[in-house]
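Q: using only what follows, build the 3D model:
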Amino acid sequence: MFIQQLQTNPSFFFAMSITIVVSICLHELAHGFVAIWLGDRTPIESGHMTLSPFVHMGIASLICLFLAGIAWGAMPVDPHRQRGKYAQALVAAAGPVMNVLLSLIALTSLGLWMRFDSRRSGELTQPLVNLRYLLWVFGWANLLLALFNLIPLPPLDGSRILGNFSSQYNRVMSGLMAYSPLAILQISVLVFSIAGSTISPIAGRLAEKYLELVSGF
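A: Sure, this is the predicted structure:
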């Protein structure tokens, strides 16, 4: 359980908790801003254009985050109010794009810090060590979130992006949901579990390579 990290690795627990809460809120806001830009005022009318994690995530998601390290968010939008043939894809893609931007900001900040301040961790004060670690976790985790959300299975953003371009995909998914929603749920859980263990090292490697490029180390 993720909550055990509070005793065994408190730095990771707090860094991941901060990262996930901030990232989900900004991820959902990105969906909302693009939906509004495309003519859909549903995010405003529903009161979701806020930074509050209680609005975007809710109590249940926050509790699951702190206990199990699993969390989710939501941004209400109405595709029928959005302008443009590919509006749904643009709104859906805005979330993962935000995660990539957050990752680049965190890793670039950390890389430039390391480039111009060559002190090792043992030479830094504990608050600075914690900040460096937070930037690393923030960068890596947001890459992970971006890649994970692009998986083309409901309810992830990848399914809405693909669905906007492929009517056949929509028919298949609608048929499967109508025939056996439990089977879809089981398949999704299995795919998510496998993808999570696969995507995490990929995201870590990409983050490391980018940090090496920026820092010069």
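Q: ok, the residue lying farthest from the centre of the chain - contacts?
A: When each C-alpha in the chain is compared with the mean C-alpha position (C-alpha atoms, centre = their mean), residue 123 comes out farthest, at 32.9 Å. Contacts for residue 123 (C-beta atoms under 8 Å, 6 or more residues apart in numbering) come out as none. In short, each C-beta sits where N, CA and C put it, glycine included.
Q: cool, residue 99 as well?
A: For residue 99, the contact set (C-beta under 8 Å, 6+ apart) comprises 23, 27, 142, 143, 145, 146, 149.
Q: how close does residue 59 sit to residue 6?
A: Separation of residue 59 from residue 6 (C-beta to C-beta, to the nearest Å): 19 Å.
Q: which one of the two is surrounded by more residues?
A: Remark: of residue 59 and residue 6, residue 6 carries more neighbours, 14 against 9, as counted by other C-beta atoms under 10 Å.
Q: with adjacent residues omitted, what lies nearest to the more buried one?
A: residue 13 (4.7 Å; C-beta to C-beta, 6 or more residues apart in numbering).
Q: helix or strand for that neighbour, which one?
A: Applying DSSP states H and E as the criterion places residue 13 in helix 10-37.
Q: in this protein, which helix or strand is least confident?
A: Least confident helix or strand of the chain, by mean pLDDT, DSSP states H and E, is helix 167-179 with a mean of 76.
Q: I'd like the mean pLDDT over the helix holding residue 13, please.
A: Across helix 10-37, pLDDT averages out at 98.
Q: mind listing what the nearest residue to residue 210 once chain neighbours are set aside touches?
A: Closest residue to residue 210 apart from its sequence neighbours, by C-beta to C-beta, 6+ apart: residue 107 at 5.3 Å. The contact partners of residue 107, taken as C-beta under 8 Å, 6+ apart, are 135, 136, 139, 207, 210, 211, 214.
Q: how about these in CSV, adding secondary structure and distance to residue 128?
A: CSV is the format used below for the contacts of residue 107 (DSSP: H, G, I helix; E, B strand; the rest coil; distance: C-beta to C-beta, whole Å):
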residue, secondary structure, distance to residue 128
135, helix, 11
136, helix, 13
139, helix, 17
207, helix, 20
210, helix, 21
211, helix, 17
214, helix, 18
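Q: let's have these in a markdown table, adding neighbour count.
A: A markdown table is the format used below for the contacts of residue 107 (neighbours: other C-beta atoms under 10 Å):
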| residue | neighbour count |
| --- | --- |
| 135 | 22 |
| 136 | 18 |
| 139 | 28 |
| 207 | 23 |
| 210 | 18 |
| 211 | 20 |
| 214 | 18 |
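Q: so what's the residue count around residue 100?
A: Counted by other C-beta under 10 Å, the residues lying close to residue 100 total 14.
Q: okay, it and residue 174: tell me how far apart.
A: 30 Å.
Q: next, the buried residues of stretch 204-217.
A: 204, 206, 207, 210, 211, 214, 215 (16 or more other C-beta atoms under 10 Å).
Q: return the closest of these with respect to residue 94.
A: residue 206 (20.7 Å; C-beta to C-beta).
Q: could you say which helix or strand holds the residue nearest the centre of the chain?
A: When C-alpha atoms, centre = their mean is applied to the chain, the residue found nearest the centroid is residue 145 (3.5 Å). Assigned by DSSP H and E, residue 145 falls within helix 126-149.
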